[in-house]
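*Asks:* A predicted structure for the sequence below; I have some questions about it.
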Amino acid sequence: MHVEMERAMVASRRQWAPDSWSGHSALQQPEYPNLPVLQRALAELSNLPPLVTSWEVVALKEQLARAAAGQCFVLQGGDCAERFADCSSQRIANQLKILIQMSLVLVQGARKPVVRIGRFAGQYAKPRSADYEDVQGVRLPSYRGDLINRPEPTLEARTPDPNLLLRGYERAALTLNFIRALVKGGFADLHHPEYWDLDWTKHSPQAEEYHNLLRSITDSLRFMENILGAPAGGSDRIDFYTSHEALHLGYEQAQTRQVPHRTGWYNLSTHFPWIGIRTIAPDGAHVEYMRGIDNPIGMKVGQATPPDMLLKLMDILDPDREPGRLTLIHRFGAEKIAAGLPPLVEAVTAAGRRVLWICDPMHGNTKSTSSGYKTRDFGEIESELSQAFDIHARLGSHLGGVHIELTGENVTECTGGARGLNEHDLHRAYETEVDPRLNYEQSLELALLVANKLRA
Ligand code: PEP
Ligand code: MN
């Protein structure tokens, strides 16, 4: 059938268009003081070339379908909020380094391929619990991420600026370009693990365990190549996919495209957009937007999504039960997962659905210290993850991945871990504007723990 006709049929079945979300209630959207400037920025954005291609998006969907079937494991990680100021070669390379290192540890533990998805190249917009905040007695609009406004505590900085949408898109493109060039140029070559050593890691409590594991991987690779008499084609290359929370609907819509030879619509600003827990209403604008795109999509679930609501959302977002389409990223908190997760897993199984389950052990474990730092404790993060594996296994389901806020930098934002960081250490290198991330050592330690769990 002619592609145009097929498209028309799909469109009428769905009653959906890239802007149909605008007829629904859209939470967490900034209020711009100057709408014509916003319209100009969005028009410009919709004419720029995409950041990713539909081929890549489709390839990721296939990989996620394999993860749902237990054939591979997903590592999704990166900053809570990327900052424009961190769009630098060193920061990007460090982020890749820790993700590569963690993924190798996981490959060893899971004895399966690992799919790497960065929270990067577009993770610039943040939902907030309040529209305004009090800064030293002055009421200011909340900081909503560099895509929207700036964090400095002045009215000018906090006023949403539509041109930041373009600056964010450009930085996402710069980030992705550098990642692609590094990977293509051999940065992620398994024969050269020294490329991804981070400077301060030599004295890490995990250094020895990690380096032993690395040696065993490179030894196996050389062994394979000796047998084959040639480089192990493909298996020595590491790929990355991108993801971000699809929050600013004008921005997402501007990059929603039809492509030649395919019938659907693709959000080509990222491979894997997800819906955050605050924008999950079944009749809301975010769900309306997400239901119509053909990307694989993630959805955060937790206390806010009781089983009947979850099933309703799944019917809306994945009516055709397409393999790889839907990933449920659960985030309960170490104390709540034991009661909260089983009803969701049971409901999904009883509905005869197969999805990819990923555990986000970060967002249910956030708290504030007495001195006002937002933090998370490594022990609680580990506990939630460990419980998640056990709960899925007990219910005949399986955990197919982890979703972590982390950085390759040596920050002090989360307490605990092998170095025993405590609340009084946090001020030393606390950088995040939004949520606390695991630092390099804590991330690697968590990967080693998950690998042990996968091996068990
Ligand atoms: C996030 O992933 O940074 C986030 C805001 O998560 P959630 O929607 O689960 O609160
Ligand atoms: Mn976060």
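*Replies:* The structure has been received and is ready for your questions. All values reported here derive from a predicted model rather than from experimental measurement. Ligands and ions are numbered 1, 2, ... in the order given.
*Asks:* near ligand 2, which residues of the stretch 301-450 of the chain show up?
*Replies:* Asp435 (CB under 5 Å from the ion). From N, CA and C alone the C-beta is placed, and that goes for glycine too.
*Asks:* One more pass at 8 Å, please.
*Replies:* If contact is defined as CB under 8 Å from the ion, the residues of the stretch 301-450 of the chain in contact with ligand 2 are Met362, His363, Glu405, Val434, Asp435.
*Asks:* Identify, from those, the entry nearest to Pro282.
*Replies:* Nearest to Pro282 among these: His363, at 20.7 Å, using CB to CB.
*Asks:* pLDDT on stretch 293-304, on average?
*Replies:* Across stretch 293-304, the average pLDDT comes to 98.
*Asks:* Which of the three states applies to the closest residue to Gln123 other than its chain neighbours?
*Replies:* Among residues not flanking Gln123 along the chain, His244 sits closest, at 4.2 Å (CB to CB, 6 or more residues apart in numbering). Using DSSP: H, G, I helix; E, B strand; the rest coil, the structure places His244 in strand.
*Asks:* pretty sure His244 is touching Ile275, no?
*Replies:* No: contact criterion CB atoms under 8 Å: His244 and Ile275 do not qualify, at 11.3 Å.
*Asks:* circling back to that earlier point, who are the neighbours in contact with the residue nearest to Gln123?
*Replies:* Taking CB atoms under 8 Å, 6 or more residues apart in numbering as the criterion, His244 is in contact with Arg119, Phe120, Ala121, Gly122, Gln123, Tyr124, Ala125, Ser269, Thr270, Pro273, Trp274.
*Asks:* could you say which helix or strand contains the fourth one?
*Replies:* Taking DSSP states H and E as the definition, Gly122 sits outside all helices and strands.
*Asks:* again, but for the last one
*Replies:* Assigned by DSSP H and E, Trp274 belongs to strand 272-275.
*Asks:* any bit of that strand sitting next to ligand 2?
*Replies:* No: on the criterion CB under 8 Å from the ion, strand 272-275 is out of touch with ligand 2, staying 11.6 Å away.
*Asks:* and the residue of the stretch 351-456 of the chain found nearest ligand 2, helix, strand or coil?
*Replies:* Nearest residue of the stretch 351-456 of the chain to ligand 2, counting by CB to the ion: Asp435, 3.5 Å away. With three-state DSSP as the basis, Asp435 sits in coil.
*Asks:* surely it meets Glu405?
*Replies:* Yes: with contact defined as CB under 8 Å, Asp435 counts as touching Glu405 (5.6 Å).
*Asks:* Pick out whichever of the two has more residues nearby.
*Replies:* Glu405 (27 against 18; other CB atoms under 10 Å).
*Asks:* What helix or strand is that one located in?
*Replies:* strand 401-405.
*Asks:* Tell me who's in contact with the residue nearest to Thr366 when sequence neighbours are not counted.
*Replies:* Using CB to CB, 6+ apart and skipping residues adjacent in sequence, the residue nearest Thr366 is Arg376, 5.6 Å away. Shown in contact with Arg376 (CB under 8 Å, 6+ apart): Met362, Asn365, Thr366, Lys367, Glu413, Cys414, Thr415, Asp435, Pro436.
*Asks:* By neighbours, which of those residues wins?
*Replies:* Neighbour counts for the contacts of Arg376 (other CB under 10 Å) peak at Cys414, which has 28 neighbours.
*Asks:* ok, it touching Phe378?
*Replies:* Yes: because the distance of 5.9 Å satisfies CB under 8 Å, Cys414 is recorded as touching Phe378.
*Asks:* one step back: dump the contacts of Arg376 to CSV, plus distance to Leu166.
*Replies:* What follows is those, written out as CSV (distance: CB to CB, whole Å):
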residue, distance to Leu166
Met362, 30
Asn365, 35
Thr366, 31
Lys367, 36
Glu413, 30
Cys414, 33
Thr415, 38
Asp435, 26
Pro436, 29
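*Asks:* Tell me the confidence at the residue most central in space within the chain?
*Replies:* Centre of the chain computed as the mean C-alpha position; nearest residue by CA atoms, centre = their mean is Arg119, 4.0 Å away. At Arg119, the pLDDT value in this model is 98.
*Asks:* hmm, back to that, and for Asp435 and Glu405, which residues touch both?
*Replies:* Cys80, Met362.
*Asks:* returning to what we had before: from the residues of the stretch 301-450 of the chain next to ligand 2, which are also near ligand 1?
*Replies:* His363, Asp435 (CB under 6 Å from any ligand atom).
*Asks:* Tell me the one among the residues of the stretch 301-450 of the chain next to ligand 2 nearest to ligand 1.
*Replies:* His363 (4.1 Å; CB to the nearest ligand atom).
*Asks:* Find the nearest non-adjacent residue to the closest one, please.
*Replies:* That would be Arg331: by CB to CB, 6+ apart, it lies 4.2 Å from His363.
*Asks:* who touches the one you found in this structure?
*Replies:* Applying CB under 8 Å, 6+ apart, the residues near Arg331 are Ile277, Lys300, Val301, Gly302, Cys359, Asp360, Pro361, Met362, His363, Gly364, His403.
*Asks:* Good, we can wrap up now.
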